[in-house]
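> Sequence isn't available, so here's the structure alone:
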């Protein structure tokens, strides 16, 4: 059995989150209650994903790469805040029973697409390269502890 990589673990979560968001988009004008549940699950999952990165992966990246002052994690943390702001904007509309979130979704998807690209093409593969199997296993265990 091959060892699990950081890339595969995070890519799988990206795919799961993408499916939840697509479900929300498909349902929001057909079955609003189900759409809201899908969005809430997406929002919760995105927050957990961000915690995995900010609490576990980014500190490891900074330690292993030596890039702390202006490296990619600084930019990614800023992007996380922008993503969070978009999530809150959509959530406010949904709480007001307003399914008209297309504009906010467009902004969010643009942010998420750019963010995923940075992670999937740079951060995760580099982490797989920089980490020993033991470090990778310790990171996976730390990530699994984040609810």
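Received the coordinates, thanks. Quantities reported herein were computed from a predicted structural model and do not represent experimental measurements. Residues are numbered from 1 along each chain as shown.

> From here on, just use CA atoms for contacts and neighbour counts.
OK.

> in the chain, which spans are helices?
Along the chain, counting by DSSP state H, helices occupy 6-27, 32-51, 58-65, 72-95, 102-118, 124-130, 133-144.

> Highest mean neighbour count across those, which stretch is it?
Greatest average neighbour count among the helices of the chain goes to helix 32-51 (a mean of 18), per mean count of other C-alpha atoms under 10 Å.

> For it, what does the pLDDT average out to?
When pLDDT is averaged over helix 32-51, the result is 97.

> where does the chain dip in pLDDT?
The model of the chain has pLDDT under 70 over residues 1-3, 69-70.

> repeat that with 80
Low-confidence segments of the chain, defined by pLDDT under 80, are located at 1-4, 67-71, 147.

> Quick one: residues contacting residue 20.
Neighbour list for residue 20: 38-39, 41-42 [criterion: C-alpha atoms under 8 Å, 6 or more residues apart in numbering].

> Using JSON lines, lay out those residues together with distance to residue 145.
As requested, the contacts of residue 20 are exported to JSON lines (distance: C-alpha to C-alpha, whole Å):
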{"residue": "38", "distance to residue 145": "23"}
{"residue": "39", "distance to residue 145": "23"}
{"residue": "41", "distance to residue 145": "18"}
{"residue": "42", "distance to residue 145": "19"}
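
> That's all I had, so thanks and see you.
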